[in-house]
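K.L.:
I would like to see how this sequence folds:
(one chain, ligands or ions: 1)
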Amino acid sequence: MNVAALRCSGLCVRLGEREVLHGLELALPAGRWTALAGPNGAGKTTLLKALAQLLPAQGQVELLGRPAPQWPVRERARALAWLGQAEAGAEDLLAQDVVMLGRLPHQDWLGGASGADHAAVRAAMEETQCWDWRTRPLGSLSGGERQRVLLARALAVQAPVLLMDEPLAHLDPPHQADWLAIVRRHVARGGTAVSVLHEIGLALQADDLVLLQDGRVAHHGPAGDPATHRALESVFAHRLQVHAVAGRWVALPVEER
Ligand SMILES: Nc1ncnc2c1ncn2[C@@H]1O[C@H](COP(=O)(O)OP(=O)(O)OP(=O)(O)O)[C@@H](O)[C@H]1O
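P.N.:
Alright, predicted model coming up:
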């Protein structure tokens, strides 16, 4: 049986006065790409952050079979890479220095960047095609260019588990396709990818879909499974329909009558 890269049990999160996740039970298998989808406000970002230990939560979270609190911080930072939604960055930092931040968990406090760190930065920037503007400040880049730098920072960690919230924001279709290829390579190497995606057509390209609704898991299953498609239509109140087009699944919005 496939080992869970991430597992949560009894996961509850309160934000302000409200409980937004209500006792989630999930096991996300290693070596696969899972997309989180669901209506606005369903709790996708909150779940991703709770899995990454970025906000306080009740219940248990396990990363690669080990309870999250038992991970030494630097070791966990090498095991799990994070790409957040609309991240505010240090606008004056050069793109290559932003990507180098992904190497911090690998560096000694006083040692500085090694040859391996520089090689990892270059490989990640070439993979997301942003090496050419490595000496430009982050604040001077367009939305899509910036997103590719932030993706490169996450890739430079070389972590087995990659969590991404809206990774396709600002990316044009060719770069969305490149992102799909990056995720598939990561998974082919045995890595795990978990991403929140609003583009349901792209979420349907994942291995598995977790559908959230009102802070609960409405469905978890293979993205190509008809039962997943029915659940997808249901969580979106039948305002979308899943169709097969040219050997792929696509989701089309349904207009209100
Ligand atoms: N800081 C906060 N204080 C109170 N409630 C919050 C806070 N942040 C988020 N929420 C609420 O928690 C719920 C879940 O938010 P979350 O961002 O996880 O949803 P989401 O599924 O990612 O939504 P979207 O598709 O709109 O990005 C929403 O109802 C949101 O209004």
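
K.L.:
show me the residue at the heart of this structure, geometrically.
P.N.:
Ranked by distance to the mean C-alpha position of the chain (C-alpha atoms, centre = their mean), the top residue is M164 at 1.9 Å.

K.L.:
that one is in contact with H186, isn't it?
P.N.:
No - with contacts counted by C-beta atoms under 8 Å, M164 stays clear of H186, the gap being 10.4 Å. No exception for glycine: its C-beta is placed from N, CA and C like everyone else's.

K.L.:
now do the shared contacts for these two.
P.N.:
A193 (C-beta atoms under 8 Å, 6 or more residues apart in numbering).

K.L.:
I'd assumed A52 was in contact with L163.
P.N.:
Yes - counting by C-beta under 8 Å, L163 does reach A52; the two are 5.3 Å apart.

K.L.:
the two: who's more crowded?
P.N.:
Neighbours per residue (other C-beta atoms under 10 Å) separate L163 from A52, with L163 holding more: 25 against 21.

K.L.:
what's the pLDDT at the more buried one?
P.N.:
For L163, the pLDDT comes out at 98.

K.L.:
repeat that for M1.
P.N.:
51.

K.L.:
swap in W109?
P.N.:
For W109, the model assigns a pLDDT of 72.

K.L.:
count the neighbours of it for me.
P.N.:
6.

K.L.:
from H118, how far off is it?
P.N.:
Noted for W109: a distance of 18 Å to H118, by C-beta to C-beta, to the nearest Å.

K.L.:
also A203?
P.N.:
35 Å.

K.L.:
what about these two, which has more around it?
P.N.:
Shown here are A203 and H118; by other C-beta under 10 Å, A203 has more neighbours (24 against 13).

K.L.:
is it true that that one touches A37?
P.N.:
Yes - between A203 and A37 there is a contact under C-beta under 8 Å: 4.7 Å.

K.L.:
now for D165: which residues touch it?
P.N.:
By C-beta under 8 Å, 6+ apart, the contact set of D165 is 44-45, 48-49, 83-85, 195-196.

K.L.:
spatially nearest residue to A30 (excluding sequence neighbours)?
P.N.:
Among residues not flanking A30 along the chain, A5 sits closest, at 4.0 Å (C-beta to C-beta, 6 or more residues apart in numbering).

K.L.:
give me the phi and psi angles of that neighbour.
P.N.:
The phi and psi values for A5, taken as degrees, to the nearest 10, are phi -70, psi -40.

K.L.:
where do the contact lists of L163 and A52 overlap?
P.N.:
Residues touching both L163 and A52 by C-beta under 8 Å, 6+ apart: 80, 82.

K.L.:
need the residues touching each of A203 and A37.
P.N.:
Counting by C-beta under 8 Å, 6+ apart, the shared contacts of A203 and A37 are 197, 209.

K.L.:
assumed the residue nearest to the centre of the chain was part of a helix.
P.N.:
No - using DSSP: H, G, I helix; E, B strand; the rest coil, the assignment for M164 is strand, not a helix.

K.L.:
bridged to it, which residues?
P.N.:
Beta-bridge pairing for M164 (DSSP bridges): L83, S195.

K.L.:
show me where the stretch 151-257 of the chain has its strands.
P.N.:
Per DSSP state E, counting those that start in this stretch, the stretch 151-257 of the chain carries strands over the ranges 161-165, 192-196, 208-213, 216-222, 240-245, 248-253.

K.L.:
quick one: closest of those strands to G10.
P.N.:
G10 lies closest to strand 216-222 among those, at 12.6 Å (C-beta to C-beta).

K.L.:
pairing partners for that closest one, with directions?
P.N.:
Strand 216-222 is paired, per DSSP bridges, with strand 208-213 (antiparallel).

K.L.:
buried sites along the partner strand?
P.N.:
Buried residues in strand 208-213, counted by 16 or more other C-beta atoms under 10 Å: 208-213.
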